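In: I would like the atomic coordinates for the input below:
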Amino acid sequence: MALSIVSRGLLRTSREILERNMAATVGALQQQQQIQQLSSSSSSHIVVAAADYNNRLLEKNGSGSRIPWHQMPHTSLVPAVRQYSKKTGAPATMRREESDSDSDSDDEFERRRLNTNAKRSERGDSEFWRRKMRTLHRILDVNHDGVISFDDFNLLAKRFNDLGHLSPEVAAEFMDVIKQTWEEQFGEITPYNLVTAEQFLTDLHHRLNDKKMAKRIGRFLPYLFKAVDFDHTGHLDLEQYKLFFQCLGLTDEDAAVSFAVIDKNGDGQLSLKEFVHLGRQFFITEDDTKISKMFWGPLIADH
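Out: As a prediction, this is how the structure comes out:
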């Protein structure tokens, strides 16, 4: 009887040992297959990280036996794999941060783009530029009532036409340009469309920052030049420049001071190209060192 009991115990023990060995063998094979799969889909450093992680989990348990692979929790490898980017090997948390950073970068790029556009569209915000435009508003306010109307434009154009140096065809073109300039810049032609100094600055600021409109700034300048170029030489001397200033309602003294400044090479003459360039630059530049600031006479005092 005792021998029979011992034999059954040995058989049970042998069977349990065999089952454990088989389970361990199967687990090892499954582990090898998993690692091979990871090797084919990930870079080598992922496999090393995964194997190292799970080897630590296969340390001896309390009973002195290893944990078979097939009995390990299915999530044991997942954290190790998910902690690394297949692309860079960097931790996934960092990859998410980079992704968020990419999103932030996109937002930052958009903000910079908008800021850049805003900066590009802020030409004409300097106090120097505003001072120049207030000076021009005062000149264009021919009847001195504090506002500019289309009547002021017409009166100013009439002064140049009345000099008699423009042909009828050129004079007609001049009046068309004056009309178009008003409508583009200030809107409809009515007795009630009166432009204050602040509105004038706002409208010119808009024109300056509109590419198409900015190109047309100063279209009337060649007509002003031709109107005072009474000898048709294509150049203005001081006397002709004084005539230009008289039509603007400014003094001969103002003309002499301005001409001395803008006659950069000191030859006593101003060509059509120079005249138009300086006249346009007056509208466009915010550089207070440019001689074009004297084109329309002395600037009004700072407010």
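In: how many neighbours does the nearest residue to His165 once chain neighbours are set aside have?
Out: Nearest non-adjacent residue to His165, counting by C-beta to C-beta, 6 or more residues apart in numbering: Phe230, 4.9 Å away. C-beta: built from backbone N, CA, C; applies to glycine. Each residue near Phe230 was counted by other C-beta atoms under 10 Å, and the total is 14.
In: ok, now Asp203?
Out: Around Asp203 there are 17 other residues, counting by other C-beta under 10 Å.
In: Kindly report the same for Phe275.
Out: Using other C-beta under 10 Å, Phe275 has 24 other residues around it.
In: That one: helix or strand, and which one exactly?
Out: Using DSSP states H and E, Phe275 sits within helix 272-284.
In: Check Glu198 too.
Out: Glu198 is part of helix 197-208, with elements assigned from DSSP H and E.
In: got the buried residues for the helix or strand immediately after that helix in the chain?
Out: Under the assignment DSSP H and E, the closest C-terminal helix or strand after helix 197-208 is helix 211-215. Of the residues in helix 211-215, Ala214 count as buried by neighbour count, 16 or more other C-beta atoms under 10 Å.
In: Please enumerate residues in contact with helix 211-215?
Out: Glu184, His206, Arg207, Leu208, Ile284 (C-beta atoms under 8 Å, 6 or more residues apart in numbering).
In: what's the next secondary structure element after that helix?
Out: With elements assigned by DSSP H and E, the helix or strand that comes after helix 211-215 is helix 221-228.
In: Mind giving me the packing neighbours of the next helix or strand after that next one?
Out: Moving toward the C-terminus from helix 221-228, the next helix or strand (DSSP H and E) is strand 235-236. Using 3 or more C-beta pairs under 8 Å, 6 or more residues apart in numbering; DSSP states H and E, the elements in contact with strand 235-236 are strand 270-271.
In: picking that back up, from Leu163, how far out is the residue nearest to His165?
Out: 7 Å (C-beta to C-beta, to the nearest Å).
In: For the helix holding Glu198, list the C-alpha coordinates in CSV.
Out: As requested, the backbone C-alpha atoms of helix 197-208 are provided in CSV (Å, rounded to 0.1, in the frame of the first residue of the first chain):
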residue,chain,number,x,y,z
ALA,A,197,-7.6,115.9,-41.4
GLU,A,198,-8.0,112.7,-39.4
GLN,A,199,-10.1,111.1,-42.1
PHE,A,200,-7.5,112.2,-44.7
LEU,A,201,-4.8,110.4,-42.7
THR,A,202,-7.0,107.3,-42.4
ASP,A,203,-7.8,107.2,-46.1
LEU,A,204,-4.2,107.8,-47.2
HIS,A,205,-3.0,105.1,-44.7
HIS,A,206,-5.4,102.6,-46.4
ARG,A,207,-4.3,103.7,-49.8
LEU,A,208,-0.6,103.3,-48.9
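In: so for it, what's the average pLDDT?
Out: Helix 197-208 shows a mean pLDDT of 92.
In: So which residues make contact with that helix?
Out: 123-125, 130, 133-134, 136-137, 140, 146, 148, 184-186, 195, 213-214, 217, 283-284.
In: again, but for stretch 173-193
Out: With C-beta under 8 Å, 6+ apart, stretch 173-193 has contacts from 148-151, 153-154, 157, 160-161, 166, 195, 203-204, 207, 213, 216, 219-220, 223, 227.
In: change it to 10 Å
Out: With contact meaning C-beta atoms under 10 Å, 6 or more residues apart in numbering, stretch 173-193 is reached by 147-154, 156-158, 160-161, 166-167, 194-195, 199-200, 203-204, 206-207, 210, 212-213, 216-224, 226-227.
In: Please spell out the PyMOL selection for the buried subset of those residues.
Out: Typed into PyMOL, the line below selects the buried ones among the contacts of stretch 173-193, using 16+ other C-beta under 10 Å:
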select buried, resi 148+149+150+152+153+154+156+157+160+161+166+194+195+200+203+204+207+217+218+220+221+222+223+224+226+227
